[in-house]
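Visitor: Just to be clear, the model below is a prediction. Sequence and coordinates:
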Amino acid sequence: LHPIATEPVSWIGGRTDVLACTFILLSANCIILFKKEHSYWYVALSALFMSLGFLTKEVAIAFLPGAFLLMHTPLNPAAETVPEQGTSSQGLLQRYRNLFFLLSGSGAILLFSLLRHFAFESNNGRIVATVTFIQSDIIRAGLIFLQALGFYVKKIFFPFPLNFAITELDPLYELLGVPVVVLCFLIISKRSKVSALFMTGIFLILPSFIIAFGQIAWTSFA
């Protein structure tokens, strides 16, 4: 129902958004199911769906930090509190789970990277120019980041004007971006399932900020 969501649905070029979203949601659900049932098959399925999401639309890689938060956030903090006595076996099990998750995630990235390497004969783009632009003036890049963050967060609650692409950013969005950054740190500190899901959403919009630097068009970047 949100106006921003109409473009990926009604525009044929946006079909990758819907498909990548499906795979990422499946991957996130598998992580949550793993934390509930402790079956490693769910981690393998999560990595598989993650890989399919990456291959559908590369910016889905922004899900990785969200997956990390989901994996390390207790679904029920009271129930998952480890008692002081007898923590060695539980701590060791948790390490094995983290290691297995890390290997699965790395495998997903490796599979994506190899397939992408063989699919493209060249990788010439403007991303390098964007990185150079950021490095040349970090302060200005930080201000543009705050503007983009404020712009997109505002879009969630007040989507007008109905354009998703960044054509021009009002410097006043910086004032909105600062409290949003502070809010994100506060939300992360809560360490709850809701906070992890919220931050996953924030991570997934971060790749679009690259367009705000004006060095690359969205189509070639995506």
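Guide: Sure, I can see it.
Visitor: what does the model give T219 for pLDDT?
Guide: What the model reports as pLDDT for T219 is 62.
Visitor: So in the chain, which helix runs the longest?
Guide: In the chain, taking DSSP state H as the definition, the longest helix is helix 87-119.
Visitor: and T6, what helix or strand is that in?
Guide: Secondary-structure element containing T6, defined by DSSP states H and E: helix 6-10.
Visitor: could you give the angle of the helix or strand following that helix to helix 87-119?
Guide: Reading on from helix 6-10 to the C-terminus, the next helix or strand found by DSSP H and E is helix 15-37. Taking axes from the mean of the first three to the mean of the last three Cα atoms, to 10 degrees, one finds helix 15-37 and helix 87-119 inclined to each other by 160 degrees.
Visitor: so what secondary structure elements neighbour helix 15-37?
Guide: Helix 15-37 makes packing contacts with helix 6-10, helix 40-56, helix 63-71, helix 193-205 when contacts are defined by 3 or more Cβ pairs under 8 Å, 6 or more residues apart in numbering; DSSP states H and E. Every C-beta, even on glycine, is put in place using the N, C-alpha and C of the backbone.
Visitor: Next, format these as a markdown table and append mean neighbour count, mean pLDDT and distance to E174.
Guide: Compiled in a markdown table, the helices and strands packed on helix 15-37 are given as follows (neighbours: other Cβ atoms under 10 Å; pLDDT from 0 to 100; distance: least, Cβ to Cβ, whole Å):
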| stretch | mean neighbour count | mean pLDDT | distance to E174 |
| --- | --- | --- | --- |
| helix 6-10 | 13 | 71 | 26 |
| helix 40-56 | 20 | 88 | 32 |
| helix 63-71 | 20 | 88 | 23 |
| helix 193-205 | 17 | 87 | 17 |
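Visitor: Quick one: closest of the ones you listed to F185.
Guide: Closest of these to F185 is helix 193-205, at 9.9 Å (criterion: Cβ to Cβ).
Visitor: That closest one packs against which elements?
Guide: Helix 193-205 packs on helix 15-37, helix 63-71, helix 173-190, going by 3+ Cβ pairs under 8 Å, 6+ apart.
Visitor: How far away from the center of its chain is the second one?
Guide: If you compare the mean C-alpha spot of helix 63-71 with that of the full chain, they lie 8 Å apart, counting by Cα atoms, centre = their mean, to the nearest Å.
Visitor: counting contacts, what elements does that helix pack onto?
Guide: Where contact means 3+ Cβ pairs under 8 Å, 6+ apart, helix 63-71 is packed against helix 15-37, helix 40-56, helix 87-119, helix 193-205.
Visitor: that older thread, put together CSV for the helices and strands packed on helix 193-205, with distance to A212 on each row.
Guide: Listed next are the helices and strands packed on helix 193-205 as CSV, based on distance: least, Cβ to Cβ, whole Å:
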stretch, distance to A212
helix 15-37, 19
helix 63-71, 20
helix 173-190, 10
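Visitor: Tell me which of those is the most buried.
Guide: Of the helices and strands packed on helix 193-205, the one with the most neighbours on average (mean count of other Cβ atoms under 10 Å) is helix 63-71, at a mean of 20.
Visitor: Restrict that one to CA atoms and write it as PDB.
Guide: Only the C-alpha atoms of helix 63-71 are listed here, as PDB (Å, rounded to 0.1, in the frame of the first residue of the first chain):
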ATOM      1  CA  PHE A  63      21.500  -7.900   4.300                       C
ATOM      2  CA  LEU A  64      24.700  -9.400   5.800                       C
ATOM      3  CA  PRO A  65      25.000  -7.100   8.800                       C
ATOM      4  CA  GLY A  66      21.300  -7.600   9.400                       C
ATOM      5  CA  ALA A  67      21.800 -11.300   9.300                       C
ATOM      6  CA  PHE A  68      24.600 -11.000  11.800                       C
ATOM      7  CA  LEU A  69      22.400  -9.000  14.200                       C
ATOM      8  CA  LEU A  70      19.500 -11.500  13.900                       C
ATOM      9  CA  MET A  71      21.900 -14.400  14.600                       C
END
